[in-house]
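I'd like to go over a predicted model; first the sequence, then the structure.
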Amino acid sequence: MECAIEGTEKQYRICNRKGTAIGYGRSVAERCVKSGDTLVVTQLEYEFDEHYSPLKDEFGNVLPPDTTRVRIVAADVIYPYAELLGGMLGRVWNTPEQLEALRAKGQAYRYELRGDSDYRIPHDMTVGDTLSRFCQRDELYSLKKGKCIVDSSLEVITYVADREMLVTPAGRFDCFKLITVFSGESKVAFFRLRDRGTMAVWVASGIGFVRMGETDRKGRMKDGYMELLNIKTAEAPQSAQ
């Protein structure tokens, strides 16, 4: 489900909900390393504005590319959920220094993860399959009062919703449509906040992501979704299936 050839370059356009390009992305397979039965593909992710100019920080410096690593095990492709969900997953307080600072305030932090937090796309899948399901919980509580100060949870479920022929500027692709539903809840003092969202991803064999982004309650793409613009290997451009 992912092209694992060094030098492969995929370009994406970032669109608003009307389908108008508001930016671009470029993903380059920089390195592919075999370790045991696992192939690790290191990718560099570049971002550009609507004029295809590199994004810059507040000082005018071009932002460096992000680095992502994809694992391929027995033809199954494994992405880290933390990157796909934009930082929603993982510990809030993680380092020994942060935990010690909490203890100095008379507070403690507890983190629990149930299930597999990998976004695994199997080589063989059928419509209706549940690919993953997990839940994480964060608690910040007062040691002196023995009461919870902040209690937050996140549940994530991914399943195969459909198989579709998807047309993008890169061509026509036979894709599996994967739906990820994430439900979050946070309780702070007397306040309770709930959030729910859905992400749709279309993947094609030997290509990887063809389109992805958040959807509304009617299944329509929201602002900021990405779709494949073109793809080429180090040898030559690759045509769609």
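Looks like it arrived, so ask away.

Just give the number of residues close to residue 221.
Neighbour count for residue 221, taken as other CB atoms under 10 Å: 20. To be clear about C-beta, it is placed using only N, CA and C from the backbone, and glycine gets the same treatment.

Please, where are all the helices along the protein?
Per DSSP state H, the chain carries helices over the ranges 81-84, 96-104.

right, and those helices - which one's nearest residue 229?
For the helices of the chain, the distance to residue 229 is smallest for helix 81-84, at 19.9 Å, taking CB to CB.

just to revisit the earlier point, among the helices of the chain, which comes closest to residue 126?
In terms of CB to CB, the element of the helices of the chain nearest to residue 126 is helix 81-84, at 22.1 Å.

For that closest one, the averaged confidence score.
The average pLDDT within helix 81-84 is 66.

try stretch 174-183
Across stretch 174-183, pLDDT averages out at 95.

Buried ones in that stretch, by neighbour count?
Buried residues in stretch 174-183, counted by 16 or more other CB atoms under 10 Å: 175-180, 182.

same question, stretch 10-30
10-15, 23-29.

Can I get these in TSV including pLDDT?
Converted to TSV, these look like this (pLDDT from 0 to 100):
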residue	pLDDT
10	95
11	96
12	97
13	97
14	97
15	97
23	97
24	98
25	97
26	96
27	95
28	95
29	93
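
circling back to that earlier point, any idea which of the buried residues of stretch 174-183 is closest to residue 132?
When the buried residues of stretch 174-183 are ranked by distance to residue 132 (CB to CB), residue 180 comes first, at 8.6 Å.

surely that closest one meets residue 196?
No - with contacts counted by CB atoms under 8 Å, residue 180 stays clear of residue 196, the gap being 11.7 Å.

picking up where we left off before, filter the buried residues of stretch 10-30 down to the ones in strands?
Cross-referencing the buried residues of stretch 10-30 against strands under DSSP state E gives 10-15, 23-29.

Point out where this structure drops to low pLDDT.
1-2, 82-90, 235-241 (pLDDT under 70).

List just the nearest of the buried residues of stretch 174-183 to residue 47.
Comparing the buried residues of stretch 174-183 against residue 47 with CB to CB places residue 180 closest, at 22.0 Å.
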